[in-house]
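Student: A predicted structure for the sequence below; I have some questions about it.
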Amino acid sequence: MRVAVIVSLVVAAVLCFQAAPTPALADDDRPISLIALPPEAGETEHESVVLSAQLKSDEGPVGGLPVNFYIVTTVFGERLMKVGEALSDASGAVSVVYRPTWTGDHTVVAHFDGVGGYAAAETSFHFDATVAESAYERPEFGLGPIRRGLPFAVGVAVLVVWASLGFALVNTVMAVRSAARAAPALSPMQAPMPSVFIPPSPVAQSETPRRLAVAVALLVVVAGLPLIWLTLKVSDQGQQPYVVEDGLIPGDHPTEPAAGQPLPATLVRSVQTVKFDENGQPTPGSVPIPADLAITAGRVRILDSTGGRIVTVAPDGELIPIQQGRGVDGTSLKGSPAMSSLGERLYVVSASGDRIVVVDESGLIEGSIVPTLPAGQNPVAVAGIAVSDTGRIWLSDAANHRVILLNGRGEFELVIGEGVASSGDQGFDTPTGLAVDEDGNLYVSDTGNRVVKKYSSLGVLLQVIGEGRLETPQGVTVNAAGRIFVSDTAARQVSVFGPDGSYLGSIIDPNFEEPHIVRTYGDELHVLDSLAGMLVFRVPEAQVGVP
Amino acid sequence: MDRPFEAEAHDFRAAAVAPILQPGPMFWPLALFLSLVVLAGAAAMFQQLVFGLGVTGLNNRVSWGFYISDMVFFIGLSYGGAVTSAILRLTNAPWRAPMVRIAEATALVTLLIGSLFPIIDLGRPDRMLNLLLHGQVGSPVLWDVVAVNTYMVATVIFLFLPLIPDMAFCRDHLGPAAGRVRRLLYDRLSLGWRGSPGEKNILERNMTVVAVVIIPLAVSVHSVLAWLFGMTVRPGWNSTMYAPYFVVGALFSGVAAVIVILAAFRKAYRLEAFITEQHFKYLANMLLALGMVYAYFLFAEVLTEGYKMEGMSLSEGSGPLLEEMLLGRYALLFWGFVAGGLAIPIALTSLPLTRHVPGIVTAATLVVVAMWLKRFLIVVPSMATPMMPVDWGAYWPSRVEIAITLAAAAAVPLLLMFFFRFFPIISIYEMEEIAEHEEPEAVPEPAGVAAW
């Protein structure tokens, strides 16, 4: 069945005949224009779009020249994805067929490299795809017939096995029973020991057992084939998602959070954490998936757990490693899940959670703090870390649903949480982000319970924040005025709450993809997004409450 | 006549039924101890049913832990018993006779226990029904259930067929000493067996049919089990060699389990006259060969993964997983497996100095323990290694999981002990058949055994 590609040709608003960047002209290069043409739905292929442009010089259309088409993708940072290359025809028109892999707005870049005495030219335009090719099913995938037939073949093989087993069992049982009927069994203990215990008896010559066994085997196959067919049929119809009928597993919540109220905020800076060289490869400084962020003395540090290093963000947006490699005790930051700061020191949790690496301002590893837990406690699977002004260290243990307080030497002081998922005052369901305010109070992003909980430094619950407002709270931070910022990964927003826990609004930005870490510095809010990089907002003073 | 075979202590028939008539002084204390362990596991299971999987160490990141390791382990053990017996039967190896019953019973018991673990791992056993109501034929999970159940039926038949003449023997010779329940059981299960040549022909033929079926069936069970992992795009599991790797691993651990259980029952029921050191040497040869094949698979796995580590990012997974395995937090377990499961057993079973029963049993015990460890290393580190580098998982089993695992381990000898309280521990029928047809030196009988 042909699934028509519906491309909303919002040409007037969407088609942006942007002027091509003016290429540097060689003396003998003639100028040429690359003009975008409205995209069209593909006629012969499903879910395809025809992307077109026209090459035109002062003398008219130019044919026989190559033009490359790219789609702008934002996965792991903005970059160009080549979708095709074609030669212009006599009318200067050049087209390629593209299958969108996601719905929504697409930016197309058509680029002419500049050959044949013509200068380079480029143009871009948009289209809105309402149907996308499935990411998981390729209709033209050549193994379709095999895939459809394989379960039937395996089912037949299973039937043959069952039939063989049935034959063996029935045949044996019937044969033995027939022989027994032909000559009655000896009474118990009749034969003296240790003589040969079974005397010869008439051979059961009847064909009945074998015929019966064959019949059973055939019956298994005959009855089984329709069963397999029925199973395949039901299975084909059963592709719809599984429906939970009887409630929720622990941690599931029946109600969706209330929609966020947009909060005025200005995006003042965007830092791509992944950059690509001319070959489309990530540059050495790239941080594909930034794990955490800390601000020390105004300098932004990003934890690159992929590369096992810490990078700083230069004013021009470049990412410069300040620490990489192993420490003197062999400690590696590779796979580190979380980082916090105190003064100019950074506290980075190792991948296994068995030590907290202290890194100084210059990136040198000063040493490690080894958390010591009471005997019998599960090892900590650290998801978040916060260090108070007094040097006490809070660790969130998402796997064991608890938050642990250590002193500056790593000695155990306190635990909040029941060890299993819980929604009580002293319980968590997958606690993640942590923050400590100036008074030493702890804020825990209780992701599974969809709230942020505020505790005193003694572990007494003071406040539950964001009930009904948060979907998947991850990062949390508190500014000097007590405003609480919570990144909501699934809702793609940052919610802001007042010191009393009242909801002030949400920062909703189209750049957000997976905002998971938030930090404040002055009137700036730094948001680290796993996929979109680092975004810095200036939030109006009334909301941020800069002292 | 409480002990009809006392005067014929060296007769294999007397030895075969001795556990039925007189289990020995340690039987009940040991059964009590094992029952307590099983009851503790049952209580833990009850706790899990009431409070849910939250009482385990399983979490969103590491959702497969002890239970899935146990499933692979116990089903693997069953493989060794069934396939060893089937291969020896098909190749007509005469030395198999005294040990096939123990091997086949071990196969059934371990399979029964192993197949419980997916249900335990579900947390809500009633959700097994969803497999029938919403099962997808494209999913290895559905086929795993089909394969395991088919294999279980085959194992029962494989065990049952040679039991028929033995049941007749018990029916005819044990008398009131067996008790009413047993006598009824023997009467029903013997099916009126007379031991005529026609019956024997049909029995032999059908035992061959089942032996032929059970080998590919067992291969398929462990292959499908491997595909549960291999069809998943996760670091470590994303491998095309997982099916043969699992099959060899199952055989390796299964043969080791047969050796250990054989040694235990041999000692407990004084079967030294029938299960001789030569049997252990034959099994040690199998263990040695399988150990070397498994070591080769392990080397191939680590080499190919390690070779590609250069330049790999965390999101590609295998590199960090291997680093964690070889040098990181799983290094102790991994190298413990290499030493205890491969190096030492291979040395013990290959060096003439240690190729005796204690040495071989030590090697087999090490293999059994180490292969459980290997299943843990297959399951947990891959689950804990993130697909995205920001979310490393951690897993530590809870007391509930440990209790259930220990209960399963205790249930194997317990069930076998009670099984042999009802059924002959040595296949009388096969001993007779082989003694009738083979040359005297082919049957490893010690001097002094009555040529009945």
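Tutor: Looks like it came in fine. Numbers count the residues shown, from 1 in each chain, chains lettered A, B, ... in the order given.

Student: from chain B, which residue is nearest to chain A?
Tutor: Closest contact between chain B and chain A, by C-beta to the nearest C-beta, is at residue B:192 (2.4 Å). Every C-beta, even on glycine, is put in place using the N, C-alpha and C of the backbone.

Student: what number of residues lie near the residue nearest to that residue when sequence neighbours are not counted?
Tutor: In space, and not counting its chain neighbours, residue B:192 is closest to residue A:180: 2.4 Å by C-beta to C-beta, 6 or more residues apart in numbering or on different chains. Close neighbours of residue A:180, defined as other C-beta atoms under 10 Å in any protein chain shown, add up to 20.

Student: picking that back up, what's the neighbour count on the residue of chain B closest to chain A?
Tutor: With other C-beta under 10 Å as criterion, residue B:192 counts 21.

Student: and what of residue B:266?
Tutor: Residue B:266 has 23 neighbours, counted by other C-beta under 10 Å.

Student: And for residue B:31?
Tutor: 16.

Student: One more: residue A:85?
Tutor: Residue A:85 has 12 neighbouring residues, counting by other C-beta under 10 Å.

Student: Any idea what it is bridged to?
Tutor: Beta-bridge pairing for residue A:85 (DSSP bridges): residue A:68.

Student: Which parts of the stretch 301-450 of chain B are helices?
Tutor: Remark: helices assigned in the stretch 301-450 of chain B by DSSP state H, counting those that start in this stretch are B:318-326, B:331-337, B:344-350, B:357-384, B:399-419, B:428-437.

Student: and the fourth one, what does it pack onto?
Tutor: If you count contacts as 3 or more C-beta pairs under 8 Å, 6 or more residues apart in numbering or on different chains; DSSP states H and E, helix B:357-384 packs onto helix B:66-90, helix B:242-268, helix B:277-307, helix B:318-326, helix B:331-337, helix B:344-350.

Student: Repeat that for the first one.
Tutor: With contacts defined as 3+ C-beta pairs under 8 Å, 6+ apart, the secondary structure elements packing on helix B:318-326 are helix B:277-307, helix B:331-337, helix B:357-384.

Student: before we move on, back to that, the helices of the stretch 301-450 of chain B into a markdown table, with extra columns for mean neighbour count and mean pLDDT?
Tutor: Formatted as a markdown table, the helices of the stretch 301-450 of chain B follow (neighbours: other C-beta atoms under 10 Å in any protein chain shown; pLDDT from 0 to 100):
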| stretch | mean neighbour count | mean pLDDT |
| --- | --- | --- |
| helix B:318-326 | 22 | 80 |
| helix B:331-337 | 16 | 93 |
| helix B:344-350 | 21 | 94 |
| helix B:357-384 | 22 | 93 |
| helix B:399-419 | 20 | 94 |
| helix B:428-437 | 19 | 80 |
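
Student: wait, which of the ones you listed is closest to residue B:205?
Tutor: Minimum separation from residue B:205 across those (C-beta to C-beta) falls at helix B:428-437, 13.4 Å.

Student: Which strands or helices does that closest one pack on?
Tutor: Checking 3+ C-beta pairs under 8 Å, 6+ apart, helix B:428-437 ends up next to helix B:12-21, helix B:97-114, helix B:163-173.

Student: Let's see that with 10 Å instead.
Tutor: helix B:12-21, helix B:97-114, helix B:163-173, helix B:197-230 (3 or more C-beta pairs under 10 Å, 6 or more residues apart in numbering or on different chains; DSSP states H and E).

Student: pLDDT of the third one, averaged?
Tutor: Per-residue pLDDT values over helix B:163-173 give a mean of 89.

Student: re earlier: redo the helices and strands packed on helix B:318-326 as a markdown table? Include distance to residue A:161.
Tutor: Shown next, in a markdown table, are the helices and strands packed on helix B:318-326 (distance: least, C-beta to C-beta, whole Å):
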| stretch | distance to residue A:161 |
| --- | --- |
| helix B:277-307 | 25 |
| helix B:331-337 | 34 |
| helix B:357-384 | 26 |
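
Student: closest one to residue B:33 among the ones you listed?
Tutor: helix B:357-384 (18.7 Å).

Student: At the geometric centre of chain B, which residue do we find?
Tutor: With distances taken as C-alpha atoms, centre = their mean, chain B has residue B:77 as the residue nearest its mean C-alpha position (2.1 Å).

Student: isn't it right next to residue B:107, touching?
Tutor: Yes - using C-beta atoms under 10 Å, residue B:77 makes contact with residue B:107 at a distance of 7.9 Å.

Student: where do the contact lists of those two overlap?
Tutor: Common contacts of residue B:77 and residue B:107 (C-beta atoms under 10 Å, 6 or more residues apart in numbering or on different chains): B:254, B:257, B:258.

Student: Now for the last one: which residues touch it?
Tutor: For residue B:258, the contacting residues are B:77, B:80-81, B:84-85, B:99-100, B:102-104, B:106-107, B:283, B:286-287, B:364, taking C-beta under 10 Å, 6+ apart as the criterion.

Student: who wins for most neighbours among those residues?
Tutor: Within the contacts of residue B:258, most neighbours by other C-beta under 10 Å means residue B:107, with 33 neighbours.

Student: and the nearest residue to that residue once chain neighbours are set aside, what is it in contact with?
Tutor: Using C-beta to C-beta, 6+ apart and skipping residues adjacent in sequence, the residue nearest residue B:107 is residue B:81, 3.3 Å away. Residue B:81 makes contact with B:99-100, B:102-111, B:155, B:158-159, B:218, B:254-255, B:257-258, B:261, according to C-beta under 10 Å, 6+ apart.

Student: at 6 Å instead, please
Tutor: Residue B:81 sits next to B:103, B:106, B:107, B:254, B:258 when contact means C-beta atoms under 6 Å, 6 or more residues apart in numbering or on different chains.

Student: Is the residue in the stretch 51-200 of chain A that chain B sits nearest to part of a helix or strand, or is it coil?
Tutor: The nearest approach of the stretch 51-200 of chain A to chain B comes at residue A:180, 2.4 Å away (C-beta to the nearest C-beta). Three-state call for residue A:180 (DSSP: H, G, I helix; E, B strand; the rest coil): helix.
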